[in-house]
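S.K.: Next come a sequence and a model predicted from it.
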Amino acid sequence: IVEVQNLTSRVVNLPYHYKNKTRLLHLGVGYSSRTPPNNEFSIKSRPEAHLAPAYINTGLITNASSSYMTGGELAVLINRLGIQGEFMTTEVNSDSGNFNFSGFYVETSLFLTDDHRTYSTSSGAFTSINPRKSFNPEGENKGYGAWQIALRYSYLDLTDQDISGGILSAVTAGLNWYLIPATRISLNYTIAILENVGQSNIFQSKFQVAF
């Protein structure tokens, strides 16, 4: 007898795409069934800033026998314009009750240069950005990289029954500069609202080199 502790699956579909994938519609669903280690479960989240502390937290749910996560995703690409969103809900079963937590995000982005997001049909996901003209202010192949503006809204509710984990929503405006395929500079401004507590204003900058 084989006992399955964790099972995760994801199915995606591309009902429409133009031959060079500059225009497409992406749909996806995901499911995960897990047995919490040591029968303990918790969820916590930061306000769209990886250096910030967790603003909301369910705390430790003890005697948790199982958890089930389901989600949906949608993405639309129309040349330089991209729109995407995801929804996720989590059910936790424990001796003290069954709890449900949920969250979602929606974002839109637009390239100011003649660039677009790239999509991999093999992985069913967007990949790294390759600027049409890498940063090179002089010479025959003169270029200034790819410039992108973005706006994102996210919401997460970690409150159910006697668990007051908190409700967090955030609006983020961003500017991305892709100098070459492996290098990006980002500037973000986030307004994070913790319900019944207050508001945070977060400025972030990032220099990234990836290979």
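M.R.: Perfect, I can see it now.
S.K.: Residues in a beta bridge with residue 75, which ones?
M.R.: Using DSSP bridges, the bridge partners assigned to residue 75 are residue 26, residue 84.
S.K.: Can you give me the distance of it to residue 185?
M.R.: Remark: distance between residue 75 and residue 185 (C-beta to C-beta, to the nearest Å) = 24 Å. Placement of C-beta: from N, CA and C, glycine included.
S.K.: more neighbours, these two?
M.R.: residue 75 (21 against 14; other C-beta atoms under 10 Å).
S.K.: List the contacts of the more buried one.
M.R.: 24-26, 82-85, 126 (C-beta atoms under 8 Å, 6 or more residues apart in numbering).
S.K.: pLDDT weak spots in this structure?
M.R.: The chain contains residues with pLDDT under 70 at 1-4, 211.
S.K.: Where do the strands of it begin and end?
M.R.: With DSSP state E as the criterion, the chain has strands at 6-17, 23-34, 44-45, 56-57, 64-78, 81-94, 97-111, 118-120, 125-127, 146-160, 163-180, 183-194, 198-209.
S.K.: Now that we have those, can you turn them into JSON lines and tack on distance to residue 136?
M.R.: Below are these laid out as JSON lines (distance: least, C-beta to C-beta, whole Å):
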{"stretch": "strand 6-17", "distance to residue 136": "31"}
{"stretch": "strand 23-34", "distance to residue 136": "29"}
{"stretch": "strand 44-45", "distance to residue 136": "40"}
{"stretch": "strand 56-57", "distance to residue 136": "45"}
{"stretch": "strand 64-78", "distance to residue 136": "27"}
{"stretch": "strand 81-94", "distance to residue 136": "25"}
{"stretch": "strand 97-111", "distance to residue 136": "18"}
{"stretch": "strand 118-120", "distance to residue 136": "21"}
{"stretch": "strand 125-127", "distance to residue 136": "23"}
{"stretch": "strand 146-160", "distance to residue 136": "13"}
{"stretch": "strand 163-180", "distance to residue 136": "9"}
{"stretch": "strand 183-194", "distance to residue 136": "13"}
{"stretch": "strand 198-209", "distance to residue 136": "17"}
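S.K.: of those strands, which approaches residue 134 most closely?
M.R.: strand 163-180 (4.4 Å; C-beta to C-beta).
S.K.: What would the closest one look like as CSV? C-alpha coordinates only.
M.R.: What follows is strand 163-180, C-alpha atoms only, in CSV (Å, rounded to 0.1, in the frame of the first residue of the first chain):
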residue,chain,number,x,y,z
ILE,A,163,-8.9,32.5,13.3
SER,A,164,-8.2,36.3,12.8
GLY,A,165,-5.2,36.1,10.5
GLY,A,166,-5.9,39.4,8.9
ILE,A,167,-7.0,40.8,5.5
LEU,A,168,-4.4,42.4,3.4
SER,A,169,-4.8,44.3,0.1
ALA,A,170,-2.2,46.0,-2.0
VAL,A,171,-1.8,48.2,-5.0
THR,A,172,1.6,48.3,-6.8
ALA,A,173,2.8,50.5,-9.6
GLY,A,174,6.0,49.5,-11.3
LEU,A,175,8.6,50.4,-13.9
ASN,A,176,10.9,47.8,-15.4
TRP,A,177,13.9,48.4,-17.6
TYR,A,178,15.3,45.3,-19.3
LEU,A,179,18.8,46.3,-20.4
ILE,A,180,19.7,42.9,-21.9
